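# just to be clear, the model below is a prediction. Sequence and coordinates:
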Amino acid sequence: MRILLIISLLILACSACDNTRLYEKNTDFKKRYWVVTDTPSFDFEIQDTASKYNLYMTLRNESDYPNSNIYFTFYLNDSTGSTLEKNLTAEFLFDKKTGRPLGSSGLGYIYEHKFPLLESYTFQHPGIYAIRYEQFMRTDTLRGVVSVGLRVEKVNTK
C-alpha cells in the first residue's frame, strides 16, 4: 500500500511540472475495443488566441492489436458546431519490418502513442472547441484499443 502511495505521489509531482499542457483527457473503452459507432469527443477551452497550440491524439493499444496501423478521422469544431479542420489520418502502431510495438509502455503489454493532429495551430476566437474521432478501419469492431484521448499544448516560444 505504501508503495502505491509513493508511486502516485511521484506521478503527481512529475505531471505538475508539465506547464505546456492546457488540456488532456482520455476515453477508456471498457471492453478494450473501439466500435465504429463510438465517436469519442473532447471539449476544451481556448482563451489566448495570440498563442499557438499543438493538438495530439493519444491512443493506448494492447500488444495483440490485430493490425500494424490505425486509420482515424478527426474533426475540430468550434462552439457553433462548424467544422474548422477535418483529416483522415493513418498511423503505425507497430514497426513495419520487425513487428515490434511502437510507443511507450508503462503497463507491460499496453502501449501509448501520441500522434500530432495540428501543430502550431492558431485559434481565431476564444471559446469552447471540440475534437471528435472516428475509427476508419475495415472492421467495425477494432479490438485491442484500450483508450483514445486528446492533449492540447501551448507552443513554447522561449
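That came in fine, so what should we check first? None of the values given here were measured: they were computed from a predicted structure. Numbers count the residues shown, from 1 in each chain.

# for Gln124, give me its contacts.
Contacts for Gln124 (C-beta atoms under 8 Å, 6 or more residues apart in numbering) come out as Thr49. Every C-beta, even on glycine, is put in place using the N, C-alpha and C of the backbone.

# measure it to Ile131 for me?
Noted for Gln124: a distance of 16 Å to Ile131, by C-beta to C-beta, to the nearest Å.

# work out for me the element Leu88 sits within.
For Leu88, the host element (DSSP states H and E) is strand 83-92.

# the helix or strand following that strand to strand 83-92, inter-axis angle?
Per DSSP H and E, the first helix or strand lying C-terminal to strand 83-92 is strand 110-121. Using axes from the mean of the first three to the mean of the last three C-alpha atoms, to 10 degrees, the direction of strand 110-121 lies 140 degrees away from that of strand 83-92.

# describe which strands the next helix or strand after strand 110-121 pairs with in its sheet and in which direction.
Per DSSP H and E, the first helix or strand lying C-terminal to strand 110-121 is strand 127-135. Strand 127-135 pairs in its sheet with strand 41-46 (antiparallel), strand 69-77 (antiparallel), by DSSP bridges.

# contacting residues around the last one?
What that stands for is strand 69-77. 55, 57, 59, 61, 83-94, 117-118, 129-137, 142, 145, 148.

# what of the shortest one?
Strand 41-46 has contacts (C-beta under 8 Å, 6+ apart) with 22-23, 25, 27, 53, 123, 126-133, 149-150, 152.

# any of those residues buried? List them.
Among the contacts of strand 41-46, those buried by neighbour count (16 or more other C-beta atoms under 10 Å) are Leu22, Tyr23, Tyr53, Phe123, Tyr129, Ala130, Ile131, Arg132, Tyr133, Gly149, Leu150, Val152.

# Arg32: which of those residues is nearest?
Gly149 (15.1 Å; C-beta to C-beta).

# distance of the closest one from Thr49?
According to C-beta to C-beta, Gly149 and Thr49 sit 24 Å apart.
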